[in-house]
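Novice: sequence-free structure coming up:
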Ligand code: SF4
Ligand code: SF4
């Protein structure tokens, strides 16, 4: 019996072993790349070698049968080399232009789509959601699937002024989305406390310490140690729910979606920017989330019509100004769009690189 490999518990595996041999050979020695069609990139090395990358959209959460199907296509048409991108797209790499068209045909015949490069709307990224996390307030992967169904033509064509990154996030506090357009969950009511469970389930001091506005206090309820929330202070962030599930904040009616725009990590032409809230209180309405999708499409259409070539969403808004942006996308500007929190002075960050 062969000896089992010891598991490696931290870090990602060495990518070198998975690279196409032509990429390994020319590592750091690439001369230029071009974009022959949507979904395909051609990289040329100083040595004259070439690799062609074909980007394929998936349904985002992949079952093992679909994965096998995609890997079989890779074995048959793409030298056996596949990469997954951060947004669960798949990239096949081949070293010969003649292999590109048969590969695209095999992918499309199997029901997948090719695109997502250059100035397209690439696959929406989402946080892990129900699959791996215990605190989601919505099904982020469901939001992604239903929105991408409607934006499929924008994935397959490259007609946006610049690339558009859309993200979704299923709680307000953790691995949340920052993108050109972000759809994030928004709790609108303080948590309801199940006092019978608090003493058994929660470490009360750590729950008290979690609250960013000091709204939680220890309390005795029905003779048992529990917690209480000062609802005038609570900002409905949901931070107390992960360490103490009896602080139930998810709610079918009062957990909503909010849409933010203009986030950009890149500092290519200007400083990185934080996204800003533009629509709040949108119904969290599975299985197709039509209200949120309609707003995202309005924003995309206005950006496509109004932005100059190569302007990202934040640069477009910076040029036309926020009042005009709200007019163009037909969203109401309300008092809730202004940050009036009295502690905000300490949280005004100047760049994306520092967070408190
Ligand atoms: S965004 Fe929040 S709920 Fe969603 S996976 Fe991340 S930590 Fe969990
Ligand atoms: S939801 Fe946030 S602000 Fe409200 S009690 Fe919990 S941690 Fe504090």
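Specialist: Looks like it came in fine. Nothing here was measured: the structure is a model prediction, and the numbers come from that model. Ligands and ions are numbered 1, 2, ... in the order given.
Novice: ok now do residue 195, which residues does it touch?
Specialist: If a contact means Cβ atoms under 8 Å, 6 or more residues apart in numbering, then residue 195 has 221, 222, 224, 226, 246 as its contacts. Any C-beta I mention is one placed from the backbone N, CA and C, and that applies to glycine too.
Novice: Among these, which lie within strands?
Specialist: Members of the contacts of residue 195 lying in strands (criterion: DSSP state E): 221, 224, 226.
Novice: Closest one of those residues to residue 115?
Specialist: Residue 115 lies nearest to residue 226 out of these, by Cβ to Cβ, at 52.9 Å.
Novice: The helix or strand bottoming out on mean pLDDT in the chain and ligand 1, are they touching?
Specialist: Lowest on mean pLDDT, DSSP states H and E among the helices and strands of the chain sits strand 125-126, with a mean of 88. No: judged by Cβ under 6 Å from any ligand atom, strand 125-126 and ligand 1 are separated, with a smallest distance of 8.0 Å.
Novice: same check, this time on stretch 201-215
Specialist: No: Stretch 201-215 stays clear of ligand 1 (Cβ under 6 Å from any ligand atom), getting no nearer than 13.7 Å.
Novice: Can you name the residues that contact the closest residue to residue 99 other than its chain neighbours?
Specialist: Nearest non-adjacent residue to residue 99, counting by Cβ to Cβ, 6 or more residues apart in numbering: residue 77, 6.6 Å away. Residue 77 sits next to 92, 94, 99, 102, 103, 106 when contact means Cβ under 8 Å, 6+ apart.
Novice: ok, and the closest non-adjacent residue to the fifth one?
Specialist: Going back to what we said before, that points to residue 103. Here the residue nearest residue 103, using Cβ to Cβ, 6+ apart, is residue 77, at 4.1 Å.
Novice: Could you do the first one as well?
Specialist: Counting by Cβ to Cβ, 6+ apart, the nearest residue to residue 92 once its immediate chain neighbours are dropped is residue 78, at 3.8 Å.
Novice: circling back: give the pairing partners of the least confident helix or strand of the chain; include direction for each.
Specialist: Using DSSP bridges, strand 125-126 pairs in its sheet with strand 166-169 (parallel).
Novice: Close to ligand 1: what parts of this protein are there?
Specialist: Taking Cβ under 6 Å from any ligand atom as the contact definition, the chain meets ligand 1 at 127, 128, 129, 133, 135, 136, 169, 170, 171, 174, 175, 176.
Novice: The second one contacts residue 174, doesn't it?
Specialist: In this case it means residue 128. No: Residue 128 sits out of contact with residue 174 when judged by Cβ atoms under 8 Å, with a separation of 9.5 Å.
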